[in-house]
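[1] attaching a predicted model along with its sequence, questions to come.
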Amino acid sequence: MSSKPGRYTAGCARGILAAAALLASTHLASADDDEMTSILGACAGQYCNPAAGSGNSMTLTQQGQSNSASIEQKAILGAYANSANLSQSGNGNFLGLTQTGGQNAAGITQSGSNNSLSVSQPGGASASVTQSGSNLGLTITQGANSSIGVTQSGTGTFGAAPVVINTFTLK
Amino acid sequence: MKKLLAISVSALALSAGAAFAAPPLPPADGSNSSTVEQVGTTNSATIDQGRSPGDAYLTNESYVYQGLNSTGANNNIANVTQKDNSPNNYKNDVLNKSTINQDGAWNQATVKQTGQVNDAGNNGAQNIVSITQVGNAASSANPNTVTVTQNSDDGPVLNDSTTTATVTQNVGNNNNAIVDQAGSHDTISTATVTQGGGNNNNAYVYQSRGVYGDGVTSNNLGLTQNGNGNIATVTQGGANTAHTALQTNSATIEQDVNTNTATVVQHGAGGINTVNLYQYNSLNTGTITQVSSGGSNEGDLYQHSENNNGKIDQATSVGGSQYNSASISQSLGNYNVATVKQR
């Protein structure tokens, strides 16, 4: 078939053009912040007024070295409770957690060396943190009516406080 | 009764003495049926099936088989269009069913199915597509292309519909699968896409929410890609502006080996959005975005091995029993990054 290469090229081109045309249409796989905001702030249908609240929950498991995680849980209006269960094992890991609203709960475990953790809970919260290893770092900021339990096994970072806890009253 | 049925076949390289398929059974009243088998390479088939005036009901069935027993570069083309093209006040369902099997590489299969056209009846359409492209395991450049467009109906009249698409691209690289399932009304859409054994494959799935829907709209997807450098892009549900129709979405995606990318966006209302994304091995990127009006979001992401990037972003509307639930598991590897945002 001497005409094969041309046919291949044309067929391939048609396929690519079809794919490109469809991909370029309005069906893009995205949801930007504007849409998120409109969903969160302007809901008028029958499904916008259910009864009791529950909130956000998440679990994270990372095993290995040099892993990082960033978590932000914002309170759903009328459903203030956020919960996070986080686990990192290995060395050189970083974890950042922010929970807004009240009645937040976090359970965090890091095992290994050179791990660091930053937790911000400006509302009422409870957190339980367990770190084991060496060169550990922990910074926790909590609002009033909060509780924190920290257990570290190992040594801290030279010249720095291994644990910094800031508790303040919201004004 | 012969209905609107046009088949154009060009068989430029039919093998001498090849056996043709037995002719299809005579169609029942109100039905169209076609069977095309093409042996060899560089064949094309175009099938157009629709309703004739006066048909009380409509069934379109099409079967195309190209490149029998050939694993080379077949370069076959199949185009199938099935529709209810008569916008009269019929009150019977429409069934569109299309099956395409293509052997070898460099094949194209395109199916477009359209259900009721602004019909005053209260029944909807049933669209079914099944496409299998075998591929060529020995070819490094092995693109097969599938394009499926299924519109359950077209207009503001209530028609509840079901839509099903099954796409299988067995082996080979650089395959493209595009599935676009849309409905104006309450539609249950199901898509199953398998790209089973090659690299740099692309799967694009769009399952919309009925613009006029006032009942349950449900989108369901199962997508599997096996190989390196595959891309899966999935959108389920439309922008939620009315908040009055129940919209549930469900997607399960599996990608094996390295350097795969999966992006899933779900827009729901009142029900539960669910994503289960599994990426095995390294250098994979998984992004899950879920938005619901008065409904809940559940996102689970599992990434195995190293240098993976996982992100889950969830939002639900004000107050109630709805919830966001996210889980990321990055096990047995280093240099992984996880980001979760819930609001």
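    Ah, there it is. Residues are numbered from 1 along each chain as shown, chains lettered A, B, ... in the order given.
[2] in what helix or strand does A:Thr130 lie?
    Per DSSP states H and E, A:Thr130 falls inside strand A:125-142.
[3] kindly export that strand (C-alpha atoms) in PDB.
    Output of strand A:125-142 as PDB, limited to C-alpha atoms (Å, rounded to 0.1, in the frame of the first residue of the first chain):
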ATOM      1  CA  ALA A 125      -9.300  22.600  69.700                       C
ATOM      2  CA  SER A 126      -7.600  19.500  71.000                       C
ATOM      3  CA  ALA A 127      -4.500  18.100  69.700                       C
ATOM      4  CA  SER A 128      -2.400  15.100  70.400                       C
ATOM      5  CA  VAL A 129       1.200  15.000  69.100                       C
ATOM      6  CA  THR A 130       3.700  12.200  69.300                       C
ATOM      7  CA  GLN A 131       7.200  12.600  67.900                       C
ATOM      8  CA  SER A 132      10.100  10.200  68.100                       C
ATOM      9  CA  GLY A 133      13.600  10.600  66.800                       C
ATOM     10  CA  SER A 134      16.200  13.400  66.900                       C
ATOM     11  CA  ASN A 135      16.300  17.000  65.700                       C
ATOM     12  CA  LEU A 136      12.600  17.300  66.200                       C
ATOM     13  CA  GLY A 137      10.700  20.600  65.800                       C
ATOM     14  CA  LEU A 138       7.200  21.400  66.900                       C
ATOM     15  CA  THR A 139       5.300  24.700  66.800                       C
ATOM     16  CA  ILE A 140       1.600  24.800  67.900                       C
ATOM     17  CA  THR A 141      -0.700  27.900  68.000                       C
ATOM     18  CA  GLN A 142      -4.000  27.400  69.600                       C
END
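[4] could you check it and say which residues are buried?
    A:125-127, A:129, A:131-133, A:135-138, A:140-142 (16 or more other Cβ atoms under 10 Å in any protein chain shown). (C-beta placed from N, C-alpha, C; glycine too.)
[5] with stretch B:327-335 instead?
    Using 16+ other Cβ under 10 Å as the test for burial, stretch B:327-335 gives B:327-330, B:333-335.
[6] for the strand holding A:Thr130, which strands pair with it and how are they oriented?
    strand A:104-111 (parallel), strand A:116-121 (parallel), strand A:147-156 (parallel), strand A:163-167 (parallel) (DSSP bridges).
[7] tabulate the ones you listed (TSV), appending mean pLDDT.
    TSV is the format used below for the strands paired with strand A:125-142 (pLDDT from 0 to 100):
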stretch	mean pLDDT
strand A:104-111	90
strand A:116-121	90
strand A:147-156	82
strand A:163-167	83
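[8] quick one: the helix or strand where B:Thr224 lies near chain A?
    Per DSSP H and E: B:Thr224 is located in strand B:216-226. No - Strand B:216-226 stays clear of chain A (Cβ under 8 Å from any Cβ of the partner chain), getting no nearer than 12.2 Å.
[9] what helices or strands is that strand leaning on?
    Strand B:216-226 makes packing contacts with strand B:187-195, strand B:202-207, strand B:231-236, strand B:246-256 when contacts are defined by 3 or more Cβ pairs under 8 Å, 6 or more residues apart in numbering or on different chains; DSSP states H and E.
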